[in-house]
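Asks: Using only what follows, build the 3D model:
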Amino acid sequence: MKRQGFALGVLSIGGQVLLLRELVSSLNGDEIFLGTALFGWLVSVAAGAYIGGRIGRGINLSRLFGLGAILTPVMIIAARLSPLAITDFTGEIVPLSAAVAISFAAMCPVGFISGRLFPAITQKIIYPATEAIVTVYLFEGIGAFVGGVVIALVAGEVVSTLALALCLTVVVIGMILIGGSLFRIIAGVTVVVLGLAAAVSVAPGLDKRLDEMKYPSFEVLASLDTHYGHQAILRQENSLALMTDNEIEAVYPNPEGAENALLAPLIYYPEARRILYIGRPEFGVAQLAAQIPEISLTALDPRAKLTAVLAGVIPEKMQCTMIDDDPIAYLSRPTVLSGYDMIILSPGEPDSYQTSRFLTVKFFSLIRKWLDDGGVLCIPTGYDTDRYITSEQKPVLSIVYRTLTESFARVLVWPGTMTLYMASDTGRFSLPYDSIAARIARLPITPDYISPDYLVDRLSPMKSERLLAAVADGSRILTIQRPILPHYQALYRSKVNALDRTLLTGVLDRPWWVLVIPLSIVGLFGWAIRRRGGLARFGLFLYFTAGIVSLSLELISFYLYQSSAGSLYAEMAALIGAFMLGMAAGTYYCRRVNDRPLEYLALVMLLAATLIFLAMYDGIGPDTLLYFHSCFLFVTAAATATLFVGATNRYYQAGGNANRGVGYAWELAGSALGALLTLTILLPIIGLTWLMISLMALIVLALAGAVISYHYRPT
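Replies: Numbers count the residues shown, from 1 in each chain. Next up is the predicted model:
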């Protein structure tokens, strides 16, 4: 049972994380879609646990493990090719409604099997239900700890998602089959090692072949995964395209994009010499910089593997120093240089919290520290405001503009097929058109797009005033505490899909429906607290509370760490490890104490940890940030495990039915609700502070109910 519980943890964390990675990279996923995908996984696991508990004994565990392990890479391949069923155009955004349906279908098979395994393992032993459930829960947590850390460390950086899924299949099947005699153990380990070697060697070719099927009209030069997603480099005649998560990130050659990014700010600061480019410079900016010998260009992007691959496919002369680091992590360190005259920020579309974090007040404050006196920030975008500005564009453009005005004294916007933002603390932007034309003439090159003949129409008073009126029409800014921009970006994308538009406007424009959530939880509390059967029934409410609170706090911690320290996946492995280790430690402790009821201690720990985290998270320095979040996640997970054991004791010792999957299913139902609501809906609507206050209110409600149901139950 212990070995099987450990294998269940590895399969569960592996199937969940790898499928989520693949779905995000194949369907242009953001947090709105990611929350629904995780919801689908947790609902299917809960359904498997509940149904498995009702079916009873007799299931062949080896076959069930084997089926789950084999289905993981199968569903990853299906997810990667799924856009072919939606669109024939390379890089076209998959509609949100279609992405949600595909992700739910992709997550359910492995999730259901994972849930089905939990009660099946507990039913193999004659222990009391409480002992069996807690034991499997403990070793599942240990397996998830080991598997989660390994996956977070190697996925994308060492091997691809598909390669790791194939390795997961080999490992899980090996853990179930290895055992018995010494000969069988040695033979099994040998087969596993050979299987891992075969999986790693076969996967790169399979990755490339899948991309060739996905992009049939292009030659696939490279197919690789990084920590940040799936990359494919495509060639068609003399053009190259960089595909990031099934979306065109950059094309080469792209002289228009390069001139807008580099030459437009140079017009206002012709003396600029040290320039920092945040993004991929290989697609035009580095080549253009090579033609201006006076400037020194440095580029900042965390995808070191991509840097090495691009160096072999774009041979044109470039003038650039690459720094392979996360921008937030790099800029958060103390400055050891004199700073930069100009920073060009090209993060891509703000369709997720990972990219929109570069457009927050907090990140702009970091940029100001790295800009020398009189320095200029330039943000080139893909929004076309040359002829008209749509109602979907206005809130996106306005949020970026208003956020810049919170950080810089002067903000300038250029209309055009590429809308530009430029910001500074000086009056550099007060230039008449004649001066702009004169400075262009003094450039060491003759531009095609940033030229006087073209700009006289682009910067006409009518177009400039129309754009300024649009961006100034609004007061919302983008902060870490309330990241609203990805939702408005999704609404901007949804203009061609009526169902997506209906769903998103319902979330953004009519947030009053959120009141249904606390009312439903209060109703569930009232049902659980009734005197008849209240002690056992309230155990189900405690399971639910453990699920929704723990997953919500885990997601909040990951979000804040990424926003404050950058998406450093080696460190994310430490965070995942801290949470899973806390789950195992809490369960191990509870198995060895006889104090009852344990749920009081657990709820007080959760309340104290949440309150301390809310009070301190914004004041933690970068050097201690990892320790702070790791400690918080460890304590949260240990308290959650303690609450799970306390709920198990209540439900099964106080007359709960013999379904050994029902408590696990209730915890997962709470986790599913947390996955769907926390980052997807509630964070941008009510903000971080009110979200955490709501979680603390739920903890207090559960604590009060635990006392009432225990001390005032009928005798």
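Asks: Walk me through the domains of the protein.
Replies: Residue ranges for the domains of the chain, per automatic domain parsing: 1-211, 254-494, 510-715.
Asks: Of those, which is nearest residue 240?
Replies: With CB to CB as the measure, domain 254-494 is the member of the domains of the chain nearest residue 240 (6.6 Å). For glycine as for every other residue, the C-beta is placed from the backbone atoms N, C-alpha and C.
Asks: Can you get me the start-to-end distance on the closest one?
Replies: Here the two ends of domain 254-494 are set 27 Å apart, with distance taken as CA to CA, to the nearest Å.
Asks: Stretch 501-519 too?
Replies: 27 Å.
Asks: same deal with stretch 403-423?
Replies: So stretch 403-423: terminal residues 11 Å apart, CA to CA.
Asks: that older thread, possible to save the domains of the chain as a markdown table with mean pLDDT, mean neighbour count and distance to residue 242?
Replies: Formatted as a markdown table, those follow (pLDDT from 0 to 100; neighbours: other CB atoms under 10 Å; distance: least, CB to CB, whole Å):
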| stretch | mean pLDDT | mean neighbour count | distance to residue 242 |
| --- | --- | --- | --- |
| domain 1-211 | 83 | 20 | 10 |
| domain 254-494 | 90 | 18 | 7 |
| domain 510-715 | 84 | 20 | 19 |
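Asks: And these: which comes nearest residue 234?
Replies: domain 1-211 (7.6 Å).
Asks: Switch the domains of the chain over to a markdown table; also include distance to residue 248.
Replies: Formatted as a markdown table, the domains of the chain follow (distance: least, CB to CB, whole Å):
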| stretch | distance to residue 248 |
| --- | --- |
| domain 1-211 | 4 |
| domain 254-494 | 10 |
| domain 510-715 | 21 |
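Asks: To residue 229, which of those lies closest?
Replies: Nearest of these (CB to CB): domain 1-211, 4.8 Å.
Asks: Quickly note the distance from the nearest residue to residue 323 once chain neighbours are set aside to residue 327.
Replies: By the measure of CB to CB, 6 or more residues apart in numbering, the closest residue to residue 323 outside its immediate chain neighbours is residue 300, 4.9 Å from it. According to CB to CB, to the nearest Å, residue 300 stands 5 Å off from residue 327.
Asks: Identify the contacts common to these two.
Replies: Listed as contacting both residue 300 and residue 327 by CB atoms under 8 Å, 6 or more residues apart in numbering are residue 278.
Asks: Dump stretch 382-390 to PDB, restricted to CA.
Replies: C-alpha atoms of stretch 382-390 as PDB (Å, rounded to 0.1, in the frame of the first residue of the first chain):
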ATOM      1  CA  GLY A 382       0.800  45.200 -31.700                       C
ATOM      2  CA  TYR A 383      -2.300  47.300 -31.400                       C
ATOM      3  CA  ASP A 384      -3.300  49.000 -34.600                       C
ATOM      4  CA  THR A 385      -4.700  52.500 -33.900                       C
ATOM      5  CA  ASP A 386      -3.900  54.000 -37.300                       C
ATOM      6  CA  ARG A 387      -7.400  54.400 -38.600                       C
ATOM      7  CA  TYR A 388      -9.800  53.700 -35.700                       C
ATOM      8  CA  ILE A 389      -9.800  52.500 -32.100                       C
ATOM      9  CA  THR A 390     -12.300  49.800 -31.200                       C
END
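Asks: Tell me how far that stretch lies from the chain's centre.
Replies: 29 Å (CA atoms, centre = their mean, to the nearest Å).
Asks: cool, and stretch 443-461?
Replies: Counting by CA atoms, centre = their mean, stretch 443-461 comes out at 40 Å from the chain centroid.
Asks: residues contacting residue 48?
Replies: Contacts of residue 48 (CB under 8 Å, 6+ apart): 111, 112, 113, 114, 115, 116, 117, 118, 661.
Asks: repeat that for 6 Å
Replies: Applying CB atoms under 6 Å, 6 or more residues apart in numbering, we find residue 48 in contact with 112, 115, 116.
Asks: same check, this time on residue 671
Replies: 42, 547, 551.
Asks: swap in residue 267?
Replies: 436, 439.
Asks: Please apply the same query to residue 319.
Replies: Contacts of residue 319 (CB under 6 Å, 6+ apart): 289, 290, 297.
Asks: Dump the helix or strand hosting the last one to CSV, restricted to CA.
Replies: Translated: residue 297. Assigning secondary structure by DSSP states H and E places residue 297 in strand 296-300. This file holds the C-alpha atoms of strand 296-300, laid out as CSV (Å, rounded to 0.1, in the frame of the first residue of the first chain):
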residue,chain,number,x,y,z
SER,A,296,25.6,49.5,-27.0
LEU,A,297,22.7,47.1,-27.0
THR,A,298,22.0,44.6,-24.2
ALA,A,299,19.1,42.2,-24.4
LEU,A,300,17.4,40.4,-21.5
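Asks: That strand pairs with which strands, and in what direction?
Replies: strand 274-278 (parallel), strand 321-323 (parallel) (DSSP bridges).
Asks: which element is residue 422 on?
Replies: Per DSSP H and E, the secondary structure element for residue 422 is strand 420-424.
Asks: Quick check: what element follows that strand along the chain?
Replies: That would be, after strand 420-424 and using DSSP H and E, helix 433-441.
Asks: Other residues contacting that next one?
Replies: 267, 270, 452.
Asks: Could you do stretch 463-472 as well?
Replies: 385, 389, 394, 397, 398, 401, 413, 415.
Asks: surely the first one meets residue 419?
Replies: Yes - counting by CB atoms under 6 Å, residue 385 sits close enough to residue 419 to count as a contact (4.8 Å).
Asks: all strands of this structure, in order?
Replies: With DSSP state E as the definition, the chain shows strands at residue ranges 219-226, 229-236, 239-244, 247-252, 274-278, 296-300, 321-323, 340-345, 371-380, 410-414, 420-424.
Asks: With distance to residue 185 added, can I get those strands in a markdown table?
Replies: Listed next are the strands of the chain as a markdown table, based on distance: least, CB to CB, whole Å:
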| stretch | distance to residue 185 |
| --- | --- |
| strand 219-226 | 33 |
| strand 229-236 | 37 |
| strand 239-244 | 44 |
| strand 247-252 | 47 |
| strand 274-278 | 52 |
| strand 296-300 | 49 |
| strand 321-323 | 48 |
| strand 340-345 | 55 |
| strand 371-380 | 59 |
| strand 410-414 | 67 |
| strand 420-424 | 63 |
